[in-house]
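Visitor: Quick one: sequence and predicted model below, then my questions.
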Amino acid sequence: MDRAGRVGVVLPRDLDAGRVLPFARRADELGFDELWVVEDLGFRGGVAQAAAVLASTSRLRVGIGVLPAGARNVAFTAMEVATLAQLFPGRLDVGLGHGMPAWMRSVGQWPASPLALLEAQLVALADLLRGARADTTASAGPVRLDGVRLDPSAVPAHVPPLLAGVRGARSLALSGRVADGTVLAEPTTPEYVRAALARVGAARPHRVVAYNAAAVNPDEGAALAAARAGLEWIGEPDWAPHLEPLPFAADLATLRRECGTREEFARRVPEEWVRRLAVAGTPDGARARLGELFAAGVTSAVLIPVGADPEQELEQLAAVL
């Protein structure tokens, strides 16, 4: 497939431990450009997963999507990222975000100003990875560094792109100011991409990584039915920014209020909406949808396998390549 952007896949966060590295190696063999690991509270750590996948594959770029800023000291994050960047040059992307508020509050790490913290961490992390001395003692900001720097032996020759995993208007503008790109969570539609990029307003090249639930099958109906499982959460309030640009946003919100459970909501979503909210259908149909995302500004389209057998889903998703 001659495509305008890169196609990646998400490593399922709950995949049995013994299947994690075989999944990653198979994604590499099948020709996916990228594999993104997830750091969600209670599952597996992003840095550890990235290290294992990078060491077990030869070609894949590996993205960490995303590290919550409030959970880590930025100097120690720099040490971890720099180590991976040195050991696997040119194969790492790093996402940093606010983290889900409920999760962060549950561990006592939701900051007084999430925006200020994320911006300060992105700036400091970029400085440290370049070998600069970071000193914030003269400011009253949320990041406190007193003349910290990486030893020259630890500074990577290739600094990995730092991307902001964000969705709100002010957070997107922050990403445009200080990040190398933005990670957009699912569902990412062309309409949402264009709206997000307008808010990013970057004055320099800016990557857009777009997650989407995905199901590919020669039988379009079977693919659309499978994709529904990946849409259960999209009616929740946190997903409103993704849906606002869509002509059926109000109707979707009404449907979610009418449904007693997420499962009922996913069952009742009209088929045409499923086509718009996921990368789902025949291989040709899925490729056409990827083309629409690339045309809207996506540089990396990342597919989330849905279904009971992630390895089988991976094989089917590879039909889009």
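Guide: Looks like it came in fine. Residues are numbered from 1 along each chain as shown.

Visitor: contacts, neighbours, all on C-alpha from now
Guide: OK.

Visitor: Any stretches of the stretch 1-150 of the chain with poor pLDDT?
Guide: Flagging of the stretch 1-150 of the chain using pLDDT under 70 yields the residue ranges 1-3.

Visitor: What is the three-state secondary structure of residue 35?
Guide: strand (DSSP: H, G, I helix; E, B strand; the rest coil).

Visitor: list the helices and strands the helix or strand harbouring residue 54 packs on?
Guide: According to DSSP states H and E, residue 54 maps onto helix 46-56. When contacts are defined as 3 or more CA pairs under 8 Å, 6 or more residues apart in numbering; DSSP states H and E, helix 46-56 packs onto helix 17-30, strand 34-38, strand 61-68, helix 74-87.

Visitor: What are the buried residues along the last one?
Guide: This points to helix 74-87. For helix 74-87, the buried set under the neighbour-count rule, 16 or more other CA atoms under 10 Å, comprises 74, 75, 77, 78, 79, 81, 82, 83, 84, 85, 86.

Visitor: One more: the first one?
Guide: By neighbour count, with 16+ other CA under 10 Å as the criterion, the buried positions of helix 17-30 are 20, 21, 23, 24, 25, 27, 28.

Visitor: and of the residues you listed, the nearest to residue 103?
Guide: Nearest to residue 103 among the buried residues of helix 17-30: residue 20, at 24.2 Å, using CA to CA.

Visitor: Skipping adjacent residues, who's closest to that closest one in space?
Guide: Sequence neighbours aside, residue 11 is the residue nearest to residue 20 in space, at 7.5 Å (criterion: CA to CA, 6 or more residues apart in numbering).

Visitor: what about the one you found, neighbour count?
Guide: Residue 11 has 23 neighbours, counted by other CA atoms under 10 Å.

Visitor: Tell me who's in contact with it.
Guide: 20, 23, 24, 35, 36, 37, 38, 304 (CA atoms under 8 Å, 6 or more residues apart in numbering).

Visitor: Kindly recompute the last result at 10 Å.
Guide: Residues near residue 11 by CA atoms under 10 Å, 6 or more residues apart in numbering: 20-21, 23-24, 27, 35-38, 49, 53, 303-305, 310, 314.

Visitor: can you tell me which helix in this protein is longest?
Guide: Assignment by DSSP state H gives helix 114-129 as the longest helix of the chain.

Visitor: just the angle between that one and helix 74-87, please?
Guide: If you take axes from the mean of the first three to the mean of the last three CA atoms, to 10 degrees, helix 114-129 sits at 50 degrees to helix 74-87.

Visitor: Okay, buried residues for helix 114-129 please.
Guide: Neighbour-count burial for helix 114-129 flags 114-115, 117-129 (criterion: 16+ other CA under 10 Å).

Visitor: roughly how far out does the very next helix or strand once past it sit from the chain middle?
Guide: Where DSSP H and E defines the elements, the next helix or strand beyond helix 114-129 is strand 162-165. Per CA atoms, centre = their mean, to the nearest Å, the displacement of strand 162-165 from the mean C-alpha position of its chain is 8 Å.

Visitor: what packs against strand 162-165?
Guide: Strand 162-165 sits against strand 61-68, strand 92-97, helix 114-129, helix 169-178, strand 181-184, strand 207-216, with contacts defined as 3 or more CA pairs under 10 Å, 6 or more residues apart in numbering; DSSP states H and E.
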